[in-house]
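*Asks:* I'd like to go over a predicted model; first the sequence, then the structure.
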Amino acid sequence: MTGSESSSTARHFRGRDPLSDEPIELWVVGDRISRVPVAGATTVVTDGWIVPGLVDAHNHVGIAPGLGVTIEQARAFAQADARAGALLIREVGSPLDTHPLDGDAGPQFIRSGKHIARTKRYLRGYGVELDDPDDLSAEVARQAAAGDGWVKLVGDWIDREVGDLAPLWNRSQLEGAVAAAHGAGARITAHVFGSDALDDLIAAGVDCIEHGTGLHSDQIDALVANSIALVPTMIQVDNFPEIAAGADKYPTYAAHMRKLHAAAPDTFAAAREAGVAMYAGTDAGGFIEHGRIVDEIERLAGIGFGAGGALAAATTEPRRWLGTGILDDGDRADFLVLDDDPRADLSTLRRPRAVVCAGEFVS
């Protein structure tokens, strides 16, 4: 768009960027940003703080207690996330195909198809359950085709014969899975609560770990060395004691979950200190209600990120990681306008003056 172009519907926003502390000025035409002035645009904001739309890097719009989510229910979940400012959602596993939501003026999605697990080794009905673990690489290829550049494995879960968390896959199977994902142009991530599954996942070359409560110091170092990201889902980890309370049949597992919960703040702080790339994700769906992204950002601030670092971990950093726009010319118009500097008070994210999603104001 050139400076000579005009639009009666173009809107002009002027404020300050809290991530760079620089003035910021942009124009919105349709669902896109122009950093070049648009003649005739209506100025709607002249002050305040403008931040890219928040990113929920671990979300399940297609999941709710009891399963059987309809596309209309998923749409309502997505709208709740948008009202909270989460305008980019990485949907890491869903039994429902949420691609029909892409036509909405709602959050942008990046999906990983269905969870891939083994029979009786995950929550029933949530994903694909393989009877033969050697079928993993073929299923990864199928889910890569169904997603938007990601695949999600269940790396560990309770093994009822063992009575505790245990890996689902061996090193060879994981190496085949990573090769299949990367060969399809997708990245691959894994749900992991405990420690035992991590060494093989890291050695196989996964791109991300979800939760990661069982990380040991050498595994944290390996994440850094291999540029493997971590989405800690801290508000989901808060539910570990409740999960343990419902697992009386498996006392070893219950005790393990309580131990992981108690150690989690220190584990995540150590990962941050070591330089692991960490991003905000709520794990909304199931235990966690949608629209809680600010809760997760505040929790990240409390493990050493500080307000500015936590804000970056929910805006610019995951957007670069996921390959999406950060308020540049031609990017999708997804941003928040705040009255106060969120670096001084993250709670201002709960009271945005405006949420602009795909160029539209979110009510």
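*Replies:* Nice, thanks for sending it over. Being a predicted model, the structure only gives us computed values, none of them experimental.
*Asks:* check the offset of stretch 136-152 from the chain's centre.
*Replies:* Per C-alpha atoms, centre = their mean, to the nearest Å, the displacement of stretch 136-152 from the mean C-alpha position of its chain is 18 Å.
*Asks:* tabulate the CA atom coordinates of it in CSV.
*Replies:* Output in CSV follows, covering the C-alpha atoms of stretch 136-152 (Å, rounded to 0.1, in the frame of the first residue of the first chain):
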residue,chain,number,x,y,z
LEU,A,136,4.1,-44.2,14.8
SER,A,137,5.9,-42.7,11.8
ALA,A,138,3.1,-43.5,9.4
GLU,A,139,0.6,-41.8,11.8
VAL,A,140,2.8,-38.8,12.2
ALA,A,141,2.8,-38.4,8.4
ARG,A,142,-1.1,-38.5,8.4
GLN,A,143,-1.4,-36.0,11.2
ALA,A,144,1.2,-33.7,9.6
ALA,A,145,-1.1,-33.6,6.6
ALA,A,146,-4.1,-32.8,8.8
GLY,A,147,-2.4,-30.0,10.7
ASP,A,148,-0.8,-26.6,10.0
GLY,A,149,2.8,-27.5,10.4
TRP,A,150,2.9,-29.3,13.7
VAL,A,151,2.4,-32.9,15.1
LYS,A,152,1.8,-33.8,18.7
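*Asks:* list the buried residues in that stretch.
*Replies:* By 16 or more other C-beta atoms under 10 Å, the buried positions in stretch 136-152 come out as 136-137, 139-144, 147-152. Every residue, glycine included, has its C-beta placed from N, CA and C.
*Asks:* nearest to residue 92 among those?
*Replies:* For those, the minimum distance to residue 92 (C-beta to C-beta) is 4.8 Å, reached by residue 152.
*Asks:* what lies in contact with the helix or strand harbouring that closest one?
*Replies:* Here residue 152 sits within strand 150-154, counting by DSSP states H and E. Outside strand 150-154, the residues within contact range by C-beta atoms under 8 Å, 6 or more residues apart in numbering are 90, 92-93, 110-118, 121-122, 127, 136, 140, 143-144, 168-169, 174, 177, 181, 186-191, 206, 210.
*Asks:* swap the cut-off to 7 Å and go again
*Replies:* 92-93, 110-113, 115-117, 121-122, 140, 143-144, 168, 177, 181, 186-191 (C-beta atoms under 7 Å, 6 or more residues apart in numbering).
*Asks:* quick one, strands of the stretch 1-150 of the chain?
*Replies:* According to DSSP state E, counting those that start in this stretch, the stretch 1-150 of the chain carries its strands in the segments 11-17, 22-29, 32-34, 42-45, 49-52, 54-59, 86-91, 108-111, 115-118, 127-130, 150-154.
*Asks:* got it, and the stretch 151-300 of the chain?
*Replies:* With DSSP E, counting those that start in this stretch as the definition, the stretch 151-300 of the chain shows strands at residue ranges 156-159, 164-167, 187-192, 208-211, 229-231.
*Asks:* pLDDT of the first one, averaged?
*Replies:* It stands for strand 156-159. Mean pLDDT, strand 156-159: 98.
*Asks:* for it, name the packing helices and strands.
*Replies:* Helices and strands touching strand 156-159, as assessed by 3 or more C-beta pairs under 7 Å, 6 or more residues apart in numbering; DSSP states H and E, comprise strand 164-167.
*Asks:* let's go with 8 Å and repeat that
*Replies:* Other elements packing on strand 156-159 under the criterion 3 or more C-beta pairs under 8 Å, 6 or more residues apart in numbering; DSSP states H and E are strand 164-167, strand 187-192.
*Asks:* identify whichever of these lies nearest to residue 217.
*Replies:* Per C-beta to C-beta, nearest to residue 217 of the helices and strands packed on strand 156-159: strand 187-192, 16.0 Å.
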